[in-house]
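>>> the sequence and its predicted three-dimensional model are supplied below.
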Amino acid sequence: MIRTARDFRCACILLLAVVILAALSLGLAARSTWSYSLTNKVSSNTLSLVATFDVSRSGDAYGFNVVIFNPTDSLLTILWDESAMVLPSRQSARVIHTGVRIINKAAPQAPTAIAPRSRTTETIWPAPLVTTSGDFSNISISLQNNCIISLYLTIQDASGKRVENWTWTFTETKVPEAPRKPFNWWL
């Protein structure tokens with residue numbers, strides 16, 4: 001209980017010290033940045049794939065965007081129903097891609113044909129994470145430091161079927177934030 005002017009000043013100084021310490025702790029907090037790198041590619045070198053992942057600071061990957069290029073002189077076809085993604089939990093998951101309606105996620109998917117020397121752009125999701133109650137923008141894959149995601153695409157051309165495989169490793173880096181300027185209470 002504050003009874004004198006001195007008690008009031010002490011309470012004000014204590015409150016000011018708490019506010020300053022709280023501001024400093026907020027300013028020195030670390031945030032995460034995520035990076036990923038292609039760590040393994042096993043294929044017949046007839047297909048080129050460039051992938052980008054939208055990863056939040058908290059380590060959730062939203063969307064798996066791929067550009068697939070056919071550098072050959074023959075038609076290539078991606079057989080989606082025979083392709084899979086391996087999640088960080090090591091769970092193998094059927095993939096669904098751009099153009100598939102959520103309500104049809106369990107239905108067979110039409111193959112994607114890629115003409116000679118051309119490309120296609122797709123966004124791929126693991127089917128088990130897609131629910132019929134939401135939309136694709138809410139689907140996320142929780143990442144851990146040094147986790148791995150692999151993609152296995154079954155490709156067919158005039159010579160037959162084959163599987164091409166890409167593996168990415170995700171790395172978390174803690175980046176300290178610069179201290180914020182203290183608020184000038186007396187101005």
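Great, that's in hand. Residues are numbered from 1 along each chain as shown.

>>> show me the shaky parts of this protein.
1-3, 5-32, 34, 42-45, 62-63, 131-139, 175-187 (pLDDT under 70).

>>> give me that answer again for 50
21, 23-29 (pLDDT under 50).

>>> where do the helices of it begin and end?
In the chain, the segments counted as helices under DSSP state H are 5-27.

>>> quick one, longest strand in this protein?
Identified as the longest strand of the chain according to DSSP state E is strand 160-176.

>>> report the buried residues of it.
Under the neighbour-count criterion of 16 or more other CB atoms under 10 Å, strand 160-176 has Glu164, Trp166, Thr167, Trp168, Phe170, Glu172 buried. Heads up, the C-betas are built off the backbone N, CA and C, glycines and all.

>>> for it, name the packing helices and strands.
Packing contacts for strand 160-176, counted by 3 or more CB pairs under 8 Å, 6 or more residues apart in numbering; DSSP states H and E, involve strand 30-42, strand 48-55, strand 147-157.

>>> please identify the deepest-packed of those strands.
strand 147-157 (a mean of 19; mean count of other CB atoms under 10 Å).

>>> quick check: chain neighbours aside, which residue is closest to Val67?
Val50 (4.7 Å; CB to CB, 6 or more residues apart in numbering).

>>> is Leu143 in contact with Thr171, as I believe?
No. Using CB atoms under 8 Å as the test, Leu143 is too far from Thr171 to be in contact (9.5 Å).

>>> need the contact list for Ile78.
By CB atoms under 8 Å, 6 or more residues apart in numbering, the residues touching Ile78 are Ile68, Pro111, Thr112, Ile114, Leu153, Thr154, Ile155.

>>> just give the nearest non-adjacent residue to it, would you?
Thr112 (4.5 Å).

>>> quick one on the thing from earlier: state the distance from the residue nearest to Val67 to Gln109.
22 Å (CB to CB, to the nearest Å).

>>> same question for Asn65.
For Asn65, the distance to Gln109 equals 18 Å [CB to CB].

>>> with neighbour numbers in mind, choose between these two.
Gln109 (20 against 15; other CB atoms under 10 Å).

>>> look up phi and psi at that one.
Backbone dihedrals for Gln109, given as degrees, to the nearest 10, come out at phi -110, psi 140.

>>> please report the distance of it from Trp166.
On the measure of CB to CB, Gln109 and Trp166 end up 19 Å apart.

>>> do the same with Ile96
Applying CB to CB to Ile96 and Trp166 gives a distance of 18 Å.
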